[in-house]
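Peer 1: need a 3D model of the following:
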Amino acid sequence: MTEARSFLFDAFLATLTVVMGLIFLPALIDRRAARAITRVWAQIALAALKGICGVSHDVRGAEFIPAGPAIVASNHQSMWETIVLLALLKRPAIVFKKELMRVPVYGWWASRTGVPVDRGAGARAIRMLRRETERHVARGDQIVVFPEGTRGAPGALGRLQPGVAGMYLIADAPVTPVVHNSGTVWRHPGGVKEPGVVTIRFLPPIPPGLNKRAFMAQLDGALRDALEPAEAA
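Peer 2: Below is the predicted model of the structure:
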């Protein structure tokens, strides 16, 4: 039954993406309109996830959700966090792997509202990410990054990649750490969605002005210290 519900949700999400993506295609001309459409898409997706698969979520530390320019650094376990952060943030711009731009419809919207990164480009990718961070922060966006660089297992945090430090140093903006336990219900690999509640926790922001080593230590410590309570919740 769980597998059938998961398949039904996946089919719904794919259909929703294509239908909304094509109907509102003219909105891609205006970035603000495109962002508004992606927020509605995310809200519908979350409602469907709850209705079809029994997956809901609990937001903690809502007072730390940034309203102005910021970097949001989250652990990464599934697709769930990319959806929920689109719904919770006012001006999100999610860093995503460049390969997703090849996906019809989804890739068009992701490239308009997010930040594509070629993970195989090495130092060139970091330089590009720094430029994009500076541009988005100047607009007042919240740029979302998953500093592990790939999805991890529930209860674990992978090594943080140096790109997030480059973003922090160029942005002159706070970094809000975020932890969640989405992998306990949205399984990877396989994509099975088990009924349950995902806890997402926004932590106090790390202010600008630290050097690279101090920042990385503070971000790593904040994520690791908060991850265990989030997984246990």
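Peer 1: just to be sure, Thr199 is in a strand?
Peer 2: Yes - under DSSP: H, G, I helix; E, B strand; the rest coil, Thr199 falls within a strand.
Peer 1: now it: how far from Ser182?
Peer 2: 9 Å (C-beta to C-beta, to the nearest Å). Bear in mind the C-beta positions are built from the backbone N, C-alpha and C, glycine included.
Peer 1: so those two - more neighbours on which side?
Peer 2: Each of Thr199 and Ser182 has its neighbours counted (other C-beta atoms under 10 Å); Ser182 has more, 29 against 19.
Peer 1: the more buried one: what's it in contact with?
Peer 2: Contacts for Ser182 were tallied using C-beta atoms under 8 Å, 6 or more residues apart in numbering; they are 77-78, 80-81, 198, 200.
Peer 1: ranking those residues by neighbours, who comes first?
Peer 2: With neighbours taken as other C-beta under 10 Å, the top of those is Gln77, carrying 27 neighbours.
Peer 1: which SS class is that residue?
Peer 2: Relying on three-state DSSP, one would call Gln77 coil.
Peer 1: so what's it closest to, chain neighbours aside?
Peer 2: Gly183 (3.2 Å; C-beta to C-beta, 6 or more residues apart in numbering).
Peer 1: how many other residues sit next to the one you found?
Peer 2: With other C-beta under 10 Å as criterion, Gly183 counts 22.
Peer 1: Ala156 versus that one, what's the distance?
Peer 2: Taken as C-beta to C-beta, the span from Gly183 to Ala156 is 9 Å.
Peer 1: and the residue nearest in space to the middle of the chain, what's its pLDDT?
Peer 2: The chain has Thr82 as the residue nearest its centroid, 3.6 Å off, counting by C-alpha atoms, centre = their mean. Looking at Thr82, its pLDDT stands at 95.
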